[in-house]
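Engineer: coordinates only, no sequence provided:
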């Protein structure tokens, strides 16, 4: 990830990837109810996405990570919230207010302890923002940080343009990236847009055995 590139995009407000409206895949395919205090969703490379607002309205506590402090500050300003900012580690700070905790820094600087309570992930524009070599690192990093049973709604893109971002990531590559550590299922192909880009919606579930406490919590919530 070229950090300078993304900082420049935000400074110049060249953010065509940002959507003012909630992505249609979210209300259509997000079927994960929050589980009390454990209802924490992780939104990687979150920008100032209004999808986070929708998730909070459903009862979720939202953890995001974003390179640009400008994007984070714009998000909280739009929500009329004044976040508390703390330094977490070298090159990583945290903005927190209301239902939101957003880390400012490189996603690869996040550790498992910061996502210990996460039980769901929403990736709308993270994977497709990364070049090919970094997509492999991203998939492995998520697998390291997430507990067995964590579910992820991932929206990928398919298009014929070899350049990016956003990059085209099709089923074969996505299965190669995630298949060893996640169950992968296609939920939908959304209609092609005016740019001849197709959004493909996937559900991923982290493989592995869950501990007894986690299993009982989920049974009680159903």
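Structural biologist: It's in. Note that this is a predicted model, so its numbers are computed, not measured.
Engineer: all helices of this structure, in order?
Structural biologist: 3-11, 25-29, 51-57, 69-78, 132-145, 171-178, 212-221 (DSSP state H).
Engineer: strands of the chain, residue ranges please.
Structural biologist: 40-44, 61-66, 84-89, 92-97, 100-104, 118-123, 151-158, 182-189, 198-206 (DSSP state E).
Engineer: turn the ones you listed into CSV, columns for mean neighbour count.
Structural biologist: Using the backbone N, CA and C atoms, a C-beta is placed for each residue, glycine as well. Putting these into CSV (neighbours: other C-beta atoms under 10 Å) gives the following:
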stretch, mean neighbour count
strand 40-44, 24
strand 61-66, 24
strand 84-89, 12
strand 92-97, 18
strand 100-104, 23
strand 118-123, 23
strand 151-158, 22
strand 182-189, 15
strand 198-206, 20
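Engineer: can you say which of those is nearest to residue 131?
Structural biologist: strand 151-158 (14.1 Å; C-beta to C-beta).
Engineer: if we can go back for a sec, so which of the helices of the chain comes closest to residue 155?
Structural biologist: Nearest of the helices of the chain (C-beta to C-beta): helix 25-29, 5.2 Å.
Engineer: average model confidence for the closest one?
Structural biologist: Per-region confidence: helix 25-29 scores 94 on mean pLDDT.
Engineer: follow-up on the earlier one: which stretch among the strands of the chain comes nearest residue 33?
Structural biologist: Here strand 118-123 is closest among those (C-beta to C-beta), at 9.7 Å.
Engineer: partners of that closest one, with directions?
Structural biologist: Paired strands of strand 118-123, with direction, are strand 40-44 (parallel), strand 151-158 (parallel) (DSSP bridges).
Engineer: closest to residue 69 out of the ones you listed?
Structural biologist: Using C-beta to C-beta, the nearest of the strands paired with strand 118-123 to residue 69 is strand 40-44, at 16.6 Å.
Engineer: give me the residues contacting that closest one.
Structural biologist: 32, 34, 49, 51-52, 55, 60-65, 107, 115, 117-124, 126, 138, 142 (C-beta atoms under 8 Å, 6 or more residues apart in numbering).
Engineer: quick revisit: for the strands of the chain, give me JSON lines that also has distance to residue 74 and mean pLDDT.
Structural biologist: Listed next are these as JSON lines, based on distance: least, C-beta to C-beta, whole Å; pLDDT from 0 to 100:
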{"stretch": "strand 40-44", "distance to residue 74": "15", "mean pLDDT": "97"}
{"stretch": "strand 61-66", "distance to residue 74": "10", "mean pLDDT": "96"}
{"stretch": "strand 84-89", "distance to residue 74": "14", "mean pLDDT": "93"}
{"stretch": "strand 92-97", "distance to residue 74": "11", "mean pLDDT": "97"}
{"stretch": "strand 100-104", "distance to residue 74": "11", "mean pLDDT": "97"}
{"stretch": "strand 118-123", "distance to residue 74": "19", "mean pLDDT": "96"}
{"stretch": "strand 151-158", "distance to residue 74": "22", "mean pLDDT": "95"}
{"stretch": "strand 182-189", "distance to residue 74": "30", "mean pLDDT": "96"}
{"stretch": "strand 198-206", "distance to residue 74": "24", "mean pLDDT": "96"}
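Engineer: can you put those in a markdown table and add distance to residue 175?
Structural biologist: Formatted as a markdown table, these follow (distance: least, C-beta to C-beta, whole Å):
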| stretch | distance to residue 175 |
| --- | --- |
| strand 40-44 | 19 |
| strand 61-66 | 25 |
| strand 84-89 | 33 |
| strand 92-97 | 31 |
| strand 100-104 | 29 |
| strand 118-123 | 15 |
| strand 151-158 | 11 |
| strand 182-189 | 5 |
| strand 198-206 | 10 |
